[in-house]
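>>> just to be clear, the model below is a prediction. Sequence and coordinates:
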Amino acid sequence: EIALCNVERYGNVIYLIPKEENHFLGFSKAQLKNALCKSNATDKDYYLSQFVILTLLTEFFDGQGSSSKSREYMRVGELQNCISRRLKEGAENVPEDQEEQAGIAFSNMLEAYEALKSDEKGSRARTTKEGFLHHILTFLQKQGLIEYVEQDEMIKTTKKLDNFMDWNLLLDELGGPNHVKNYCAAPIMCDTVNGTMEKRLSYYYIGQFSRYIKKGARRVASTRFTDKVETAAFRNPDGELAAVLLNRTAEDIWMSLRVVLEDGSEVKNSLLLKAHSICTAIWN
């Protein structure tokens, strides 16, 4: 509730679903509507933009092998045809009086899609089908999720998106579900029988990076003089330095930290790194 998210189970899959006005994970509904849709956009237009993204993900990630990824690239025209076909199929198979129960209003989205003009000249206006898709693809590219090669009208997914689609933050008590049944652990394990959740150590390890490494940070060089400790250092956009330190051993380790600043001056600190622990050092 604090994070404005729902945890839902559909069939054998558990989802962490941000609510529409969520400001903690990604973009709010208002921000997405402004970025993806025309200036006088309605909710129909907004949900159509989300349907476009879901269709893109479905086309790329429906594999049943060791990875969910099933193809390397897709042409924009093919995506446009898929969207049109899926909307028409949905509207035909789900009557309007059953759409609320089904949880998706195909008829409204199809109406919004057909209201967009077609322009074979490659218009970038959000009032055309081509322009509507263009702005969605450009947005996804800015987020580092796809490579949108405009001159070839080609779409490719990035490693960031590939890893996101194959990586699990939340799993059930068996370590699944999984499309090839290779069950494993996750940062959060959900006991669907007793209705409880357990945060594993990896959850807090990830927190050292997500809490202190800010969006837009850049990796900076760091060195160490022992293989007992792992280090990774970053400079945040506000100039703050953050170094994540991991003690891989069963012994406490005293560490001396030395930071060389751009003007050649040095800042020295020391700290005790507990056995099998992780911490982050901050320099303002």
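Great, that's in hand. Residues are numbered from 1 along each chain as shown.
>>> buried residues, stretch 44-61. List them.
Neighbour-count burial for stretch 44-61 flags 44-49, 51-53, 55-56, 59-61 (criterion: 16 or more other C-beta atoms under 10 Å). In short, each C-beta sits where N, CA and C put it, glycine included.
>>> repeat that for stretch 159-168.
So, applying 16+ other C-beta under 10 Å, buried residues of stretch 159-168: 161, 162, 165.
>>> hmm, which of these is lowest in pLDDT?
Among these, residue 165 carries the lowest pLDDT, at 77.
>>> does it count as helix, strand or coil?
helix (DSSP: H, G, I helix; E, B strand; the rest coil).
>>> I'd assumed residue 68 was in contact with it.
Yes - judged on C-beta atoms under 8 Å, residue 165 makes contact with residue 68 at a distance of 5.5 Å.
>>> tell me the SS of residue 17?
Per three-state DSSP, residue 17 ends up strand.
>>> circling back to that earlier point, closest one of the buried residues of stretch 159-168 to residue 155?
Distance to residue 155 across these (C-beta to C-beta) is lowest for residue 161, with 11.0 Å.
>>> coming back round to it: okay, and the common contacts of residue 165 and residue 68?
residue 61 (C-beta atoms under 8 Å, 6 or more residues apart in numbering).
>>> could you dump the buried residues of stretch 44-61 into a markdown table and include pLDDT, secondary structure and distance to residue 130?
Formatted as a markdown table, the buried residues of stretch 44-61 follow (pLDDT from 0 to 100; DSSP: H, G, I helix; E, B strand; the rest coil; distance: C-beta to C-beta, whole Å):
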| residue | pLDDT | secondary structure | distance to residue 130 |
| --- | --- | --- | --- |
| 44 | 90 | helix | 19 |
| 45 | 91 | helix | 15 |
| 46 | 91 | helix | 19 |
| 47 | 91 | helix | 20 |
| 48 | 93 | helix | 14 |
| 49 | 93 | helix | 14 |
| 51 | 93 | helix | 17 |
| 52 | 94 | helix | 12 |
| 53 | 93 | helix | 17 |
| 55 | 93 | helix | 16 |
| 56 | 94 | helix | 15 |
| 59 | 90 | helix | 18 |
| 60 | 90 | helix | 20 |
| 61 | 83 | coil | 24 |
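>>> which one of those residues sits closest to residue 89?
Proximity of those to residue 89 (C-beta to C-beta) peaks at residue 55, which lies at 11.5 Å.
>>> so what's that closest one up against?
79, 82, 83, 86.
>>> swap in 7 Å and give it another go.
Shown in contact with residue 55 (C-beta atoms under 7 Å, 6 or more residues apart in numbering): 82, 83, 86.
>>> pipe those residues into JSON lines and attach pLDDT, secondary structure and neighbour count per row.
As requested, the contacts of residue 55 are arranged in JSON lines below (pLDDT from 0 to 100; DSSP: H, G, I helix; E, B strand; the rest coil; neighbours: other C-beta atoms under 10 Å):
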{"residue": "82", "pLDDT": "93", "secondary structure": "helix", "neighbour count": "16"}
{"residue": "83", "pLDDT": "95", "secondary structure": "helix", "neighbour count": "23"}
{"residue": "86", "pLDDT": "92", "secondary structure": "helix", "neighbour count": "18"}
